[in-house]
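the following comprises the amino acid sequence and a computationally predicted model.
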Amino acid sequence: MTEMSYTISDIQTRIFGAPMLARDALHSLTFLFSEIQELRHKSQSSGDTAETTNAIDQLLMSLDERLEFAGKAMKDIAEILEPILSSTSTPTLPSDDVESTEEAVVIRKHTTLLAEWEAVQDESDILREELKEDKWLTVFRTVTDQADGMMSSLEKAVNRCQVCVLM
């Protein structure tokens, strides 16, 4: 029982340190999402796509690095918690109340952290899809502008031909 208590204390020390790193990484990812969203809206309203596209690309590289770091931290936490997570399926004796309470706190914190991690991954996927759509919209706008330019040239040529025919 004392050994289990030490194991839980060790795991709490390690997991409460690791989640701080993981939570910091998750919060920095959330901040990056908002920065990218601001740049997206800025480029759509101002039309300055070249500069903001470069800035967004830089932020995406930073996002990828931070996602990788957070993913490694989450794996480390899962490895640290493996003994507790595997032992929770076994019933505890009444004398294990302190350990089970500590285990419950650790498991609850881990569950919360996992939910945050999944939310960040989902938000990252959504953001990437939106950025793909933005690129397609830029392509379509460019093609539309080119087609408008060609139509203007054709209209001018038709008008000149009509003037020549009437003379």
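Noted; the coordinates are in hand. What you are looking at is a predicted structure, and each value in this text was computed from that prediction instead of being measured.

what mean pLDDT does the longest helix seen in the chain have?
Determined from DSSP state H, the single longest helix within the chain is helix 97-166. For helix 97-166, the mean pLDDT works out to 86.

for that helix, packing partners?
Contacts defined by 3 or more C-beta pairs under 8 Å, 6 or more residues apart in numbering; DSSP states H and E place helix 97-166 against helix 2-46, helix 49-87. Yep, even glycine has a C-beta here, placed from its N, CA and C like the rest.

what's the separation between Leu166 and Glu82?
88 Å (C-beta to C-beta, to the nearest Å).

next one: Gln162
From Gln162 to Glu82 the distance is 82 Å (C-beta to C-beta).

likewise for Gln121?
To Glu82, Gln121 is 21 Å away according to C-beta to C-beta.

out of those two, which sits in the more crowded spot?
Neighbour totals were compared for Gln121 and Glu82, and Gln121 leads with 16 against 11 (other C-beta atoms under 10 Å).

contacting residues around the more buried one?
Leu67 (C-beta atoms under 8 Å, 6 or more residues apart in numbering).

count the neighbours of the residue nearest to Met74 when sequence neighbours are not counted for me.
Spatial nearest neighbour of Met74, chain neighbours left out: Trp117 (5.4 Å); criterion: C-beta to C-beta, 6 or more residues apart in numbering. Neighbour count for Trp117, taken as other C-beta under 10 Å: 21.

Trp117 touches Leu26, doesn't it?
Yes - using C-beta atoms under 8 Å, Trp117 is in contact with Leu26, at 6.6 Å.

list the residues that contact both of those two?
Ala70.

contacts only, for the residue most central in space within the chain.
With distances taken as C-alpha atoms, centre = their mean, the chain has Ser124 as the residue nearest its mean C-alpha position (2.5 Å). Contacts for Ser124 (C-beta under 8 Å, 6+ apart) come out as Leu29, Phe33, Leu63, Leu67.
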